[in-house]
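Enquirer: sequence first, predicted coordinates after that:
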Amino acid sequence: MADSTMLAVDRGYRRALRMAAVAAGVALLGLSLSGRPVVGGLVAFGFLLGGWNSRRIHDSAPRITGSGEVDRRSLTSSGARRLGYVTFIVIVLAVGLRPVGWTVVLGLAGFQLLLVANTAGPLMREVREG
């Protein structure tokens with residue numbers, strides 16, 4: 001992949017993290033002012049959880065591709081471990097804080113939408129050109 005594409009994706013990734021922080025703050029503030037601070041906290045926590053997960057992926061990428069080839073075993077095990085952690089946390093919150101605990105998923109989904117929206121453009125250009 002071209003260096004310019006990687007720089008554009010990295011820029012989009014950092015933009016998505018900033019946008020997610022703002023969205024989490026807006027959700028927390030807005031829902032708190034409307035009398036639903038727990039829901040706001042859960043949505044904000046979902047954004048935080050999505051950011052943590054993506055940061056772990058971002059940090060592990062050089063290790064997994066360090067030799068120039070993808071280490072499929074490391075990729076699979078680290079991905080499964082992260083997915084397990086996130087799933088466990090979401091289930092504990094959803095069950096433990098019924099009926100509003102599931103709203104943490106809204107924050108996770110919101111983060112993923114921001115991440116895809118901010119990083120897909122450079123990748124699509126690379127695919128078209130490449």
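Expert: Nice, thanks for sending it over. Quick caveat, the model's predicted, so the values are computed rather than measured.

Enquirer: which regions of the protein sit below the pLDDT cut-off?
Expert: In the prediction, the chain carries residues with pLDDT under 70 at positions 1-2, 64-68, 71, 130.

Enquirer: tell me, what residue is most central in it?
Expert: Centroid-nearest residue in the chain, with CA atoms, centre = their mean: Gly50, separated by 3.1 Å.

Enquirer: mind listing the helices in this protein by residue range?
Expert: Using DSSP state H, the helices of the chain run over 3-33, 37-64, 72-96, 104-129.

Enquirer: return the most buried member of those helices.
Expert: Among the helices of the chain, ranked by average contacts under mean count of other CB atoms under 10 Å, first place goes to helix 37-64 (a mean of 18). To be clear about C-beta, it is placed using only N, CA and C from the backbone, and glycine gets the same treatment.

Enquirer: now do that one: which elements does it pack against?
Expert: For helix 37-64, the elements it packs on are helix 3-33, helix 72-96, helix 104-129, judged by 3 or more CB pairs under 8 Å, 6 or more residues apart in numbering; DSSP states H and E.

Enquirer: where's that helix relative to the chain centroid, distance-wise?
Expert: Averaged C-alpha coordinates place helix 37-64 at 5 Å from its chain's average position (CA atoms, centre = their mean, to the nearest Å).

Enquirer: and the angle for it with helix 104-129?
Expert: Counting by axes from the mean of the first three to the mean of the last three CA atoms, to 10 degrees, helix 37-64 points 40 degrees away from the direction of helix 104-129.

Enquirer: what angle do helix 3-33 and helix 37-64 make with each other?
Expert: 160 degrees.

Enquirer: still on that earlier bit, so the residue nearest to the centre of the chain touches Leu106, yeah?
Expert: No - taking contacts as CB atoms under 8 Å, Gly50 lies outside contact range of Leu106: 10.6 Å.

Enquirer: anything in contact with each of those two?
Expert: When CB atoms under 8 Å, 6 or more residues apart in numbering defines a contact, no residue borders Gly50 and Leu106 alike.
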